[in-house]
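J.: Test case, fold it:
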Amino acid sequence: MSNQIKFDIQFSFEDPEPYGIVTRDLLKVYEDPASMEGIIGLRGVEMDIKPGEFASVIGPSGAGKSTLLNIIGGMTRPTAGSVNVGPLPIQALPQSLMEQYRMKVVGFLWQLPERNLLPVLTAEENIEFAQRIAGYPRNKRKARTEELLKAIGLYDRRNHRLGELSGGEAQRVGLAIALANEPKVLCADEPTGELDSETTLEIIDYLKEINRDQGVTMLVVTHDSRFERITQKSFKILDGQISGIQRTMDGLVADSWQTSQREEVAYVDQFGNVRIPQEVRERVGIKNYVRFHIENNRVYLEPADMEE
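T.: Now for the predicted structure:
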């Protein structure tokens, strides 16, 4: 990196405006220590999430969801490509600023409650501790903690430890911890993976309310299709690639996952490439070639494979 380039995280707890997320041609290759060969985790992922949006990445295990979230969250660096969170080029931040980024700009909600909470501390103490290590103003910690406990409906349980909370309650405290420092982006990795169906819907409702009331940008990676029908924008990921995008028709977070109106769209990258979803290709018989027709400023595609 050139010595001419300088980065700084201009962050103020007084101005918690959300950041958008933009990735371009994001590639991640892991080295297999057994074979010394590269294993591709992400293959040119391109995403656009606006500030304040509630978005999700849906896909099966091993599809690249957590890899993508870890890169956006500053846990690991991409092999190639770029990821910008607001004005910050995450792939280029020096290590000295990565820790500040993780503490002050992005909040994490993990699948397992024990990753979110310290079991020896109460719910209240866990939230205060998260603020203290990130340098949140001392004179505002108590008020912020009380505000969050009330927002997640657990003020009366503030003196309970992890072992005294239900799975849903522990996950709600984890959500409060992730939001303790007023992050500009909240990243959630399978936040309902260990919860029953009823509790899952409760967590979804809390995420929706906090996104609406506090305006924080939210990105959830999960295999739970209910998030696909709730979030404003949902990216389908398969084999490390974005295979399709669904979004709400009105651009808003849906009131109910059962009745939301959505449309399937595809992303066109800077080179004009577009990925046609597999289910669309199978439905109309597209294999390797397509033919374009343009009528009244509309573009139509049809299969163009030669019969052998």
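
J.: Return the distance of stretch 276-284 from the chain's centre.
T.: 26 Å (CA atoms, centre = their mean, to the nearest Å).

J.: Output the longest helix belonging to the protein.
T.: helix 197-214 (DSSP state H).

J.: residues in contact with the next helix or strand after it?
T.: The helix or strand immediately downstream of helix 197-214 is strand 217-222, counting by DSSP states H and E. For strand 217-222, the surrounding residues in contact (CB atoms under 8 Å, 6 or more residues apart in numbering) are 18-21, 49-59, 65-66, 68-69, 72, 184-193, 207, 210-211, 227, 231. For every residue, glycine as well, the C-beta is placed using N, CA and C.

J.: how about the helices in the protein?
T.: 65-72, 95-104, 113-116, 123-133, 138-151, 167-179, 197-214, 225-230, 278-284.

J.: Among these, show me which one is buried the most.
T.: Compared across the helices of the chain, helix 167-179 shows the largest average neighbour count, a mean of 24 (mean count of other CB atoms under 10 Å).

J.: packing partners for that one?
T.: strand 106-109, helix 113-116, helix 123-133, helix 138-151, strand 185-189, helix 197-214 (3 or more CB pairs under 8 Å, 6 or more residues apart in numbering; DSSP states H and E).

J.: Can you give the contact residues for the second one?
T.: Same thing as helix 113-116. 109-110, 162, 165, 167, 170-171, 173-174, 177-178, 194.

J.: can you rerun that using 6 Å?
T.: Applying CB atoms under 6 Å, 6 or more residues apart in numbering, the set of residues contacting helix 113-116 from outside is 110, 170-171, 174, 177.

J.: now swap in the third one and tell me
T.: Contact partners of helix 123-133, identified using CB under 6 Å, 6+ apart, comprise 117-118, 141, 145, 148, 158, 160, 173, 176-177, 180-181.

J.: Can you pick out the most distant pair from those?
T.: The distance between the two most remote of the contacts of helix 123-133 (CB to CB) is 22.3 Å, for His160 and Asn181.

J.: Send me the longest helix of the chain as CSV with only the CA atoms.
T.: Output of helix 197-214 as CSV, limited to C-alpha atoms (Å, rounded to 0.1, in the frame of the first residue of the first chain):
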residue,chain,number,x,y,z
SER,A,197,-40.5,-21.0,15.0
GLU,A,198,-42.4,-18.8,17.4
THR,A,199,-39.3,-17.3,19.0
THR,A,200,-37.8,-16.8,15.5
LEU,A,201,-40.8,-14.7,14.5
GLU,A,202,-40.3,-12.6,17.7
ILE,A,203,-36.6,-12.0,16.8
ILE,A,204,-37.6,-11.0,13.3
ASP,A,205,-40.1,-8.5,14.7
TYR,A,206,-37.5,-7.0,17.0
LEU,A,207,-35.1,-6.6,14.1
LYS,A,208,-37.8,-4.9,12.0
GLU,A,209,-38.7,-2.5,14.8
ILE,A,210,-35.1,-1.5,15.5
ASN,A,211,-34.4,-1.1,11.8
ARG,A,212,-37.4,1.2,11.6
ASP,A,213,-37.0,3.1,14.8
GLN,A,214,-33.2,3.5,14.8
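
J.: Bridging across strands, which residues link to the one residue sitting closest to the centre of the chain?
T.: Nearest to the mean C-alpha position of the chain, by CA atoms, centre = their mean, lies Leu219 at 2.3 Å. Per DSSP bridges, the residues bridged to Leu219 are Ala55, Cys187.
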